[in-house]
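Chemist: coords please:
(one chain, ligands or ions: 1)
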Amino acid sequence: MERRIDGHTKLYALIGSPVGHSGSPAMYNYSFEKLGINSAYLAFDVPLEKTKDALDAFRTFHAGGFNVTMPCKTAVAQLVDRLSPAAELVGACNTVVIEEDGTMTGHMTDGTGFVRNLLEHGVDIKGKKIVLLGTGGAATAIAVQAALDGAAEIAIFNRKDEFYANGEKTVEKIRKAVPSIGKVWIEDLDNEEMLTRVIGESDILVNATRAGMSPLENVMPVPEKVLRSDLAVADVVYNPKETLLVRKAKEAGCKAAVGGSGMLLWQGVAAFELFTGKEMPVEEVKEKFFQ
Ligand code: NAD
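Modeler: Numbers count the residues shown, from 1 in each chain. Sure thing, here's the model as predicted:
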């Protein structure tokens with residue numbers, strides 16, 4: 001690493017709080033080194049109220065770009081100069097590219113990472129009926145990307161908690177921006193009868209809630225009876241690595257049972273390409289950091 005750093009090394013970073021647990025510095029620095037790119041990636045703990053200071057600093061330092069995690073994703077979308085169509089619709093960004101003149105463009109690669117990971121598992125969302133559980137950050141990015149990428153229908157289910165209104169907004173935004181989508185709508189997750197019926201008519205079930213994530217690792221987001229062989233099941237949760245939902249989907253013989261760590265990998269691959277114009281050495285990164 002020391003041999004790579006010189007007077008021309010370009011800075012990339014992750015901002016948010018906390019960031020100490022992040023695997024991004026290891027993944028990006030490994031890829032920079034592997035591809036001989038004179039750049040370095042750090043993680044900076046930035047609380048929400050310091051978001052603008054961080055962006056000013058990146059401009060001052062002529063950084064090449066940065067990734068964003070909670071709680072700064074929405075604030076950054078409001079501070080950058082331009083937004084990609086997905087970031088604009090989501091109202092948040094996780095990747096910002098900085099031009100030589102300091103212009104910042106915000107992107108959202110969580111949704112593209114999710115879609116790409118599904119494709120890697122043989123599931124194409126184009127023309128498919130999707131049931132999406134969740135209306136938080138991950139779910140919104142997935143709903144938007146699925147709509148942009150040609151899903152036929154998206155049925156969103158969420159508990160009537162503080163996230164529900166965000167789901168209603170997402171539905172409205174998608175209807176307006178992607179009129180070509182057949183149907184997008186939202187319903188209460190507690191309406192089990194409707195949930196069961198709609199999953200029965202759908203191709204893909206996605207869990208983008210915290211159900212299944214430690215300490216909710218024993219929580220199944222849907223009744224087990226909905227799992228069937230011609231249903232593809234995907235979970236965004238990657239802690240634990242195999243969630244209860246993914247395990248049950250495998251046991252039920254679902255045609256795909258996809259965990260969340262691939263989404264994490266592919267959103268990083270997409271960001272790396274936006275930063276460098278190059279493809280991350282995916283196979284090596286997967287082997288080294290995602291086993
Ligand atoms: P968030 O706080 O924005 O949203 C939380 C969502 O979970 C809401 O829809 C809420 O209603 C729902 N929820 C909470 N507790 C629930 C319960 N007991 N039952 C049913 N629903 C419940 O969170 P987020 O940032 O969207 O993250 C959600 C999950 O996705 C987390 O496990 C996170 O680690 C994961 N995630 C994964 C990736 C990836 O790359 N794989 C990326 C982002 C987030």
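Chemist: Leaving out chain neighbours, which residue sits closest to whatever residue of the stretch 1-150 of the chain ends up closest to the ligand?
Modeler: Taking C-beta to the nearest ligand atom, the ligand has its nearest neighbour within the stretch 1-150 of the chain at Gly136, 1.9 Å off. C-beta coordinates here come from the backbone N, C-alpha and C atoms, glycine included. Using C-beta to C-beta, 6 or more residues apart in numbering and skipping the chain neighbours, the partner closest in space to Gly136 is Phe163 (5.2 Å).
Chemist: Let me know whether the one you found touches Gly137 as I believe.
Modeler: No: contact criterion C-beta atoms under 8 Å: Phe163 and Gly137 do not qualify, at 9.4 Å.
Chemist: In contact with the nearest residue to Arg82 once chain neighbours are set aside, which residues?
Modeler: Excluding the flanking residues, the one nearest Arg82 by C-beta to C-beta, 6+ apart is Thr105, at 4.5 Å. Contacts for Thr105 (C-beta atoms under 8 Å, 6 or more residues apart in numbering) come out as 80-84, 96-97, 99.
Chemist: just the buried members of these?
Modeler: 80, 83-84, 96-97 (16 or more other C-beta atoms under 10 Å).
Chemist: coming back round to it: of Phe163 and Gly137, who's got more company?
Modeler: Gly137 (21 against 17; other C-beta atoms under 10 Å).
Chemist: isn't that one right up against Ala92?
Modeler: Yes: if you go by C-beta under 8 Å, Gly137 and Ala92 touch, sitting 6.6 Å apart.
Chemist: Overlap in contacts, the two.
Modeler: Shared contacts of Gly137 and Ala92, counting by C-beta under 8 Å, 6+ apart, come down to Lys73.
Chemist: how about Gly150, what does it touch?
Modeler: Here Gly150 is in contact with 125-127, 180 (criterion: C-beta under 8 Å, 6+ apart).
Chemist: In those residues, which has the lowest confidence score?
Modeler: Note: of the contacts of Gly150, the lowest pLDDT belongs to Ser180, at 92.
Chemist: So it belongs to a helix, correct?
Modeler: No: if the criterion is DSSP: H, G, I helix; E, B strand; the rest coil, then Ser180 is coil and not within a helix.
Chemist: Would you mind listing what in this structure touches the ligand?
Modeler: 110, 134-139, 158-159, 161, 163, 208-211, 213, 216, 219, 221, 236-238, 260, 263-264, 267 (C-beta under 6 Å from any ligand atom).
Chemist: circling back to that earlier point, I'd like the contacts of Thr105 as a markdown table, with distance to Ala252, pLDDT and secondary structure appended.
Modeler: Formatted as a markdown table, these follow (distance: C-beta to C-beta, whole Å; pLDDT from 0 to 100; DSSP: H, G, I helix; E, B strand; the rest coil):
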| residue | distance to Ala252 | pLDDT | secondary structure |
| --- | --- | --- | --- |
| Val80 | 43 | 98 | coil |
| Asp81 | 48 | 98 | coil |
| Arg82 | 44 | 98 | strand |
| Leu83 | 40 | 98 | strand |
| Ser84 | 37 | 97 | coil |
| Val96 | 41 | 98 | strand |
| Val97 | 42 | 98 | strand |
| Glu99 | 49 | 96 | coil |
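Chemist: and Asp282, how far is that from the ligand?
Modeler: Not Asp; residue 282 is Val. 15 Å (C-beta to the nearest ligand atom, to the nearest Å).
Chemist: Let's see the pLDDT reported for that residue.
Modeler: 96.
Chemist: now do Met1
Modeler: 51.
Chemist: And Gly182, by the same measure?
Modeler: 87.
Chemist: Kindly tell me how buried it is, as a neighbour count.
Modeler: Gly182 has 10 nearby residues by other C-beta under 10 Å.
Chemist: And stretch 17-32, end to end?
Modeler: End-to-end distance for stretch 17-32, by C-alpha to C-alpha, to the nearest Å: 24 Å.
Chemist: go on, stretch 231-249?
Modeler: Using C-alpha to C-alpha, the two ends of stretch 231-249 sit 9 Å apart.
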